[in-house]
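*Asks:* Any chance you could fold what I've pasted below:
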Amino acid sequence: AMTVAGAEMPCFDPRVQPGVGLGYALAPGGPRYDALEHDLDFDPVVGLGYSFPEARRIGAEPAPAGVLDEERGRRSARLLRLWSGLDALNLCVFASSPTRPLTIDRLTALVTAVLGDTFTLDDLLAAGQLRLDELRAYAVREGAVREGAVRKGGGPGELPARMHDEPITEGRHKGAVLDRAAFARASAAFRAELGWPPDFSQ
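*Replies:* Residues are numbered from 1 along each chain as shown. Model (predicted):
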């Protein structure tokens, strides 16, 4: 199986969407396809243009889906934080910002109505960060990030070697592969954006 820290990867190929790959490797809940919004949605050419203003509100500027750099790492971490906040509040990620009808303003208005106190985008992102930090602390405590993986897959913070060594062979994304050095730099930017140490096991 293609695994990350012992958990099988979802079906969306990270060689095409490196931000999704960063989520697979670094999200403390393991490799989930629904940990963050997918890169293709924010591609300036084939993406969902109507969602770009919402994405910009959390610092996720549109960019070509296949680009893997430090900004991709920061953008992916910001998207992860947003969806973590939605999960923390039991708000459906499949109906919510940035690509779906429940915009940030609608989401914060809903939570404000329930709580009786003003709930802002900053509050939503803070809830997401807290949830991620607690998931990460739990994973470290339970040894999930230290135990590693079946070595055919990636260890904690890594993708299977195949994602770096074997380009896609057919179709419109032919030749796509994740450069190891670029992935490492983007991973470092992802962790820094979330305030996490460089060593995934700490």
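*Asks:* which element follows the helix or strand bottoming out on mean pLDDT in the chain toward the C-terminus?
*Replies:* The weakest-scoring helix or strand in the chain, judged by mean pLDDT, DSSP states H and E, is helix 144-147 (a mean of 53). Toward the C-terminal end, the helix or strand that comes next after helix 144-147 (DSSP states H and E) is helix 162-165.
*Asks:* Give me the mean pLDDT for whichever helix or strand comes after that following helix.
*Replies:* Using DSSP H and E, the helix or strand that follows helix 162-165 towards the C-terminus is helix 180-193. Averaged across helix 180-193, the pLDDT comes to 96.
*Asks:* which other helices and strands contact helix 180-193?
*Replies:* Judged by 3 or more Cβ pairs under 8 Å, 6 or more residues apart in numbering; DSSP states H and E, the packing partners of helix 180-193 are helix 18-26, helix 70-88. Using the backbone N, CA and C atoms, a C-beta is placed for each residue, glycine as well.
*Asks:* Can you list the neighbours in contact with stretch 14-24?
*Replies:* 4, 9-10, 12, 31-33, 35-36, 38-40, 65-68, 72-73, 75-77, 79-80, 159, 163, 167-168, 173, 176-178, 183, 186-187, 190 (Cβ atoms under 8 Å, 6 or more residues apart in numbering).
*Asks:* mind running it again at 6 Å?
*Replies:* 4, 9, 12, 31, 35-36, 38-39, 65, 68, 72, 76, 80, 159, 163, 168, 173, 176-178, 186, 190 (Cβ atoms under 6 Å, 6 or more residues apart in numbering).
*Asks:* Just the buried ones out of those, please.
*Replies:* By neighbour count, with 16 or more other Cβ atoms under 10 Å, the contacts of stretch 14-24 hold 4, 9, 12, 31, 35-36, 38-39, 65, 68, 72, 76, 80, 159, 163, 173, 176-178, 186, 190 as buried.
*Asks:* Sketch out the low-pLDDT regions of the chain for me.
*Replies:* 144-156, 199-202 (pLDDT under 70).
*Asks:* Look up how far residue 51 lies from the residue nearest in space to the middle of the chain.
*Replies:* Among the residues of the chain, the one closest to the centroid is residue 23, at 3.6 Å (Cα atoms, centre = their mean). Look at residue 23 and residue 51: by Cβ to Cβ, to the nearest Å, they are 18 Å apart.
*Asks:* Please apply the same query to residue 78.
*Replies:* According to Cβ to Cβ, residue 78 stands 14 Å off from residue 51.
*Asks:* about what we covered before: packed most tightly, which of the helices and strands packed on helix 180-193 would that be?
*Replies:* The highest mean neighbour count among the helices and strands packed on helix 180-193, using mean count of other Cβ atoms under 10 Å, belongs to helix 18-26: a mean of 28.
*Asks:* What angle do helix 70-88 and that one make with each other?
*Replies:* Put simply, helix 18-26 runs at 60 degrees to helix 70-88, going by axes from the mean of the first three to the mean of the last three Cα atoms, to 10 degrees.
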